[in-house]
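Peer 1: Need a 3D model of the following:
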Amino acid sequence: MEQLAGIVENIVFQNDEGTFAVFKIKPNEDRSPVTVVGNMPAPLLGEQLELTGDWVEHSKFGQQFKVASWKRIAPTSVKGIERFLASGAIKGIGPAMAARLVKHFGIQTLEVMEFKPHRLVEVEGIGSKKADVIHQAYMEQAEMRELMLFLEMNGVSGGYAGKIFAQYGSFAISVLQENPYRLAEEVSGIGFRTADQIAMSMGLERTHPDRIAAGVNFALLQIAQAGHCCVPEETLVEQTAKLLLTERNEVAARLKQLLKEERLCVEDFHGMTLIYPRHLYHAEKNTAQRLLKLQDKARPAKDDDFEGLVTQWERTAKLVLAASQREAVVSALTHGVLVLTGGPGTGKTTVVKGMLAVLEAQGFQILLGAPTGRAAKRLSEATGREAVTIHRLLEATGGGEGTPKFVRNEDEPLDADVLIIDEVSMMDIVLMNCFLRAVPDGCRVILVGDVDQLPAVGPGSVLKDIIRSETIPMVRLTEVFRQAGESMIVQNAHRINRGMLPDCNSLDFQFIELPSSLAVAGAIVETCREKLTAEGFDVWRDVQVLSPMHRQDCGVENLNRLLQQALNPEREGEPIVSGVHQTFRLHDKVMQMKNNYQKNVFNGDIGFIVELEAGKVKVAYPDNPVWYEKNELDELQLAYAMSVHKSQGSEYPVVVMPLIPGHHVMLQRNLLYTAVTRAKERVILMGTKSALNTAVMNDRTKRRYSLLAERLRGESLSD
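Peer 2: Sure, this is the predicted structure:
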């Protein structure tokens, strides 16, 4: 074992769990920075460390120091203090200021900063306000070290200290000692398991009421992430007991108390007790109430000859609507709320254009929206009118994904007479509730979407439940209007939807049979890098690889690694930035993975990396270049390949998709249908015939626990 001491200069990488880090350290002696790797939380920039370990040779990155043990040490020399302060570890102090401080106070510099901050004004360039800033920053650094030590002593990575300190400040340790489970509810990126580790380490009993309450909330969160708004009481008790390794009766008793305290909500439905998180209960209830009210309160049109208005538009547009299309346009004039659904090629765009024309002719002010930026762009291109995301429509200002905050609500409603929303199948119950709250009384709402596509990633099956309720007027377009010779994609989409195998004998719809997942992964790379490029497709913008799953050889993660290596390999001299489980390079195609209201980028937005600098990444989105700091890189994912869910609302000239037996859990008809309908010019499926058969024949989509349809029908539910 060898010893190495020095100051941390740069954090290269740290994993999600905070159990592994790669960083650069400047040795105390006059040497170049050294790369250090180890199973440890990432240290703070500017920290002085003593490391024990061995030198190893990495095949790609060269010589590294592999840590076996380590400890932090306070700088004890004047030179060490100056280097610590010059590292940027203390807000308000750079190299020049560090030099002046050390020159004036010498070895006592840190002592002055902590105990005699009023003396800092003795240094040129420091006034009383700056002295306060420096003192506070230094004290935070000291408190941060204390918090990191507390976490590590309780078996949790000190890497979480930054997020915890940002939430609670000087009270962080007190909060953890009082109720560590607050972390799971109040700190982004820290879940129940981390909070539970701290609690168990501190000696909290397995059956402590706080632990069981936190376990119930975590189980409900997992249930919501699976798409449910509520869950049967027995299922919740069973899952929580399994999670906590406790007895079911202990959980049942605590759940009863949580319901009594109204911290959760409950409905009794046909003898089944359903438990809701409070926010989903109110979102579902408010959505039903608002839809029913808007349906009956629409401001009437000036003219009442609706058939004549539609006929007049047909003459102007020089077309003749089919019966169901005409019914839909007339219904837009008739009803306060209308659902328009249909598959590809059934003329939804034509109908929406007709609706826009006849409604505008009646003097109505119309706004268009969609759940994602890509869906909004498609709607705008199809109609020739401005369309924006629902988040922008509602003027999002912040909040987490589960509890978005919007300027527009019942107190500041949207300025519109008609709201047309496309791709409604992607809207979960939370977003639908927020949207309906901002719809003014008297305004018409037209919800457009393909009910046969995958449901929203979030909780609820809003579009399907509205249709299932049979209480909201709905027009379903079924006749395919595109010419049969134009594209096999549309014909095959409808074949798949009817449970029939697609016809794969044309250039625009291919199935390439391959024996193994490794062969499929290799063929996908070759197709993108060689074949499609040779045919003139821009593989960066025209081609999208979609996968049913994230893991395995043909999962999103591995395909992204392979495609990045093939299409954008590492080049000597070009910078790279290491994120969580992935490396980013100049020109990489990336996707935003969560809503970020401050940066004005949203879940599913796609851009390209245009600049890398000191661990930071600049991504060019359409009309919106965005910088990401090192600690924000978990918001990005390579997007050469993406999940089918993430592709919803988008269209691509070419879609390439693996179909392998290993993905059998996700091989469902609506998933294959959704993937195929993303393509405009060509679909290339690769894999085994058995996997293709499974996907087409498996129509057993999981019923999501939700009572939206029942609420719309006015069925008797307990309050």
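Peer 1: Would you mind listing where the stretch 451-600 of the chain has pLDDT under the threshold?
Peer 2: Residues of the stretch 451-600 of the chain that meet the criterion pLDDT under 70 lie in 482-486, 580.
Peer 1: for it, what spans make up the strands?
Peer 2: According to DSSP state E, counting those that start in this stretch, the stretch 451-600 of the chain carries its strands in the segments 474-477, 505-506, 509-513, 543-547, 576-578, 583-585, 589-592.
Peer 1: Just give the strands next to the third one in its sheet, each with its orientation.
Peer 2: According to DSSP bridges, strand 509-513 has the following sheet partners: strand 505-506 (antiparallel), strand 679-687 (parallel).
Peer 1: quick one: contacts of it?
Peer 2: 488-489, 492, 502-504, 523, 682-689, 692 (C-beta atoms under 8 Å, 6 or more residues apart in numbering). For glycine as for every other residue, the C-beta is placed from the backbone atoms N, C-alpha and C.
Peer 1: CA atoms of that strand as CSV?
Peer 2: In CSV, the C-alpha atoms belonging to strand 509-513 read as follows (Å, rounded to 0.1, in the frame of the first residue of the first chain):
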residue,chain,number,x,y,z
PHE,A,509,-42.2,-2.1,-43.6
GLN,A,510,-39.6,-4.8,-43.0
PHE,A,511,-39.1,-7.6,-40.5
ILE,A,512,-35.6,-9.0,-40.4
GLU,A,513,-35.4,-12.3,-38.7
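Peer 1: In a markdown table: the strands paired with strand 509-513, plus distance to Phe13 and mean neighbour count.
Peer 2: What follows is the strands paired with strand 509-513, written out as a markdown table (distance: least, C-beta to C-beta, whole Å; neighbours: other C-beta atoms under 10 Å):
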| stretch | distance to Phe13 | mean neighbour count |
| --- | --- | --- |
| strand 505-506 | 46 | 12 |
| strand 679-687 | 33 | 23 |
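Peer 1: if we can go back for a sec, tell me which of the strands of the stretch 451-600 of the chain lies nearest to Val102.
Peer 2: Within the strands of the stretch 451-600 of the chain, the stretch nearest Val102 is strand 576-578; the backing value is 32.5 Å (C-beta to C-beta).
Peer 1: which parts of that closest one are buried?
Peer 2: Under the neighbour-count criterion of 16 or more other C-beta atoms under 10 Å, strand 576-578 has 577-578 buried.
Peer 1: can you list the residues that contact it?
Peer 2: Applying C-beta under 8 Å, 6+ apart, the contact partners of strand 576-578 are 12-13, 22, 570, 583-585, 612, 615-617, 630, 633.
Peer 1: Now, of these, which are buried?
Peer 2: Among those, those classed as buried by 16+ other C-beta under 10 Å are 12-13, 22, 584-585, 612, 615, 617, 630, 633.
Peer 1: Show me the residues you listed that map onto strands.
Peer 2: The members of the buried ones among the contacts of strand 576-578 that map onto strands under DSSP state E are 12-13, 22, 584-585, 612, 617.
Peer 1: could those go into CSV alongside distance to Ala332?
Peer 2: Below are these laid out as CSV (distance: C-beta to C-beta, whole Å):
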residue, distance to Ala332
Val12, 57
Phe13, 54
Val22, 58
Phe584, 46
Arg585, 48
Leu612, 49
Val617, 45
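Peer 1: where's Cys229 relative to Gln289, distance?
Peer 2: Distance from Cys229 to Gln289, counting by C-beta to C-beta, to the nearest Å: 15 Å.
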